[in-house]
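Visitor: Quick one: sequence and predicted model below, then my questions.
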Amino acid sequence: MKFDIIKENKKNNARAGVIHTDHGDIPTPIFMPVGTVGSVKAVHQRELREDIDAKIILGNTYHLYLRPGLDILRAAGGLHGFNGWERPLLTDSGGFQVFSLSDNRKIKEEGCTFRSHIDGSKHLFTPERVMDIERIIGADIMMAFDECAPGDSDYRYAKKSMELTHRWLDRCCQRFNETEPLYGYHQSLFPIVQGCKYPDLRRQSAEYIASKNAEGNAIGGLAVGEPTEVMYEMIEVVNAILPKDKPRYLMGVGTPANLLEGIERGVDMFDCVMPTRNGRNGLLFTAHGTINIKNKKWESCFEPIDPESHAECDQVYTLAYLHHLIKAEEILGLQICSIHNLTFYLWLVTQARQHIIDGDFDAWKAGILPELSRRL
RNA sequence: GGGGAAGUCGCAUAGUGGCAAUUGCAACAGACUGUAAAUCUGUCCUCUUCGGAGUUCAGUGGUUCGAGUCCACUCUUCCCCA
């Protein structure tokens, strides 16, 4: 993997670049749609490629390990072979499930024991085991196994959790280095900064992560309950330390405004379930604000869903029709909302990139930011 | 014509003496950030200074401290037999 920076913003840390992988190039800043179980929910791959033009999508180690399981994934030739996606893939390690499935797991030094949410069976995830699974899934970018601690963790817990994540990282790196990719193309391992909302822990973690000299670095444990301003502050603290010549990935974030604020602070990669999940729940993101398509006000609005979008469904279908589909619980409604939102997210980062290259990112951001949070 | 059953807040339901009244659907809003989410939460008779207040269970009258619930009659609907 290689990362080229094409243009850096003078006033702040925003930059435009390209990540080169064996499955193709990823322009940065980039948004990566989440495809937890090997599928971006409600979105066909043709739309993902042609309308949305996703450059890279995620899969999840924990979910794919449980279903379809490692035998199937290996036999299929990894996730690329299994779902037919030929562009880059990134796998989250299951570290987020340590957080989100907190009622069904137990953390120890050795690793984390999960109780399957599907059948209740018990599974031990160790850093070594996670590396082995991520090799089998075969994503271009593998994430280290970490603990994503809750946003309201006290200092004592945050420190303890961060130190465990660091020790797990040592073991991830060792296993990663002593194993080879299974399918003939390169895989990168990204370590993850933790430290909750505590600047000194974040600094300490960023320094530790940077010392690993990985091909890219991630910031985890944000947007998990802490105030947005705290998140921005933590990004600044961490990005002052993480190497400039490696891509920086802010995990699990976020709203359109979060993306622009992250880009301004030097983040190159984002992923979030928000465009897909909120889409399925009837919320549309647009350049002029959000639309709750369930609201009665759209019942007879016979305008295209988004005249500025290049996605076919945004031109062909009207807001009134989409309102009807969602109210009638038609599957097509979920598809259209998901495609629309992802198209918008990819448009937003593409615009950000172009404005960085053109040298007017700050002015562009100042203009669009207030629009994004309006409610239409 | 004879016999039987039933009418509850949009619809459907629960309630057999202490009830502004159960539940589901619908409706109307809100939430959602490395996906246990096509999910979840709230409102849903009227008014409200959110403490309450006022009117309700087909209609009228009655019994009772108290009636959606018991009694009488009226209206309406459904089923069975002619």
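Guide: Nice, thanks for sending it over.

Visitor: Where does pLDDT dip in the stretch 201-350 of chain A?
Guide: Applying pLDDT under 70 to the stretch 201-350 of chain A flags no residue at all.

Visitor: mind listing the helices in it by residue range?
Guide: Secondary structure of the stretch 201-350 of chain A (DSSP state H, counting those that start in this stretch): helices at A:228-239, A:256-264, A:274-280, A:312-316, A:319-327, A:331-358.

Visitor: CSV for the ones you listed, including mean neighbour count?
Guide: Every residue, glycine included, has its C-beta placed from N, CA and C. As requested, those are arranged in CSV below (neighbours: other Cβ atoms under 10 Å):
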stretch, mean neighbour count
helix A:228-239, 20
helix A:256-264, 23
helix A:274-280, 22
helix A:312-316, 16
helix A:319-327, 19
helix A:331-358, 22
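
Visitor: Would you mind saying which of those helices lies nearest RNA strand B?
Guide: Nearest to RNA strand B, of all these, is helix A:274-280, at 3.1 Å by Cβ to the nearest atom of the strand.

Visitor: With distance to RNA strand B added, can I get the helices of the stretch 201-350 of chain A in JSON lines?
Guide: Shown next, in JSON lines, are the helices of the stretch 201-350 of chain A (distance: least, Cβ to the nearest atom of the strand, whole Å):
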{"stretch": "helix A:228-239", "distance to RNA strand B": "6"}
{"stretch": "helix A:256-264", "distance to RNA strand B": "5"}
{"stretch": "helix A:274-280", "distance to RNA strand B": "3"}
{"stretch": "helix A:312-316", "distance to RNA strand B": "17"}
{"stretch": "helix A:319-327", "distance to RNA strand B": "5"}
{"stretch": "helix A:331-358", "distance to RNA strand B": "5"}
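
Visitor: wait, does stretch A:73-91 make contact with RNA strand B?
Guide: No - between stretch A:73-91 and RNA strand B, judged by Cβ under 7 Å from any atom of the strand, nothing touches; the nearest distance is 8.4 Å.

Visitor: what are the pairing partners of the helix or strand containing residue A:124, and which direction each?
Guide: For residue A:124, the host element (DSSP states H and E) is strand A:122-125. Here strand A:122-125 is paired, per DSSP bridges, with strand A:112-115 (antiparallel).

Visitor: Residue A:55: which of the helices of the stretch 201-350 of chain A is closest?
Guide: Nearest to residue A:55 among the helices of the stretch 201-350 of chain A is helix A:331-358 (8.0 Å), distances taken as Cβ to Cβ.

Visitor: Tell me what angle that closest one forms with helix A:319-327.
Guide: For helix A:331-358 against helix A:319-327, the angle by axes from the mean of the first three to the mean of the last three Cα atoms, to 10 degrees is 120 degrees.
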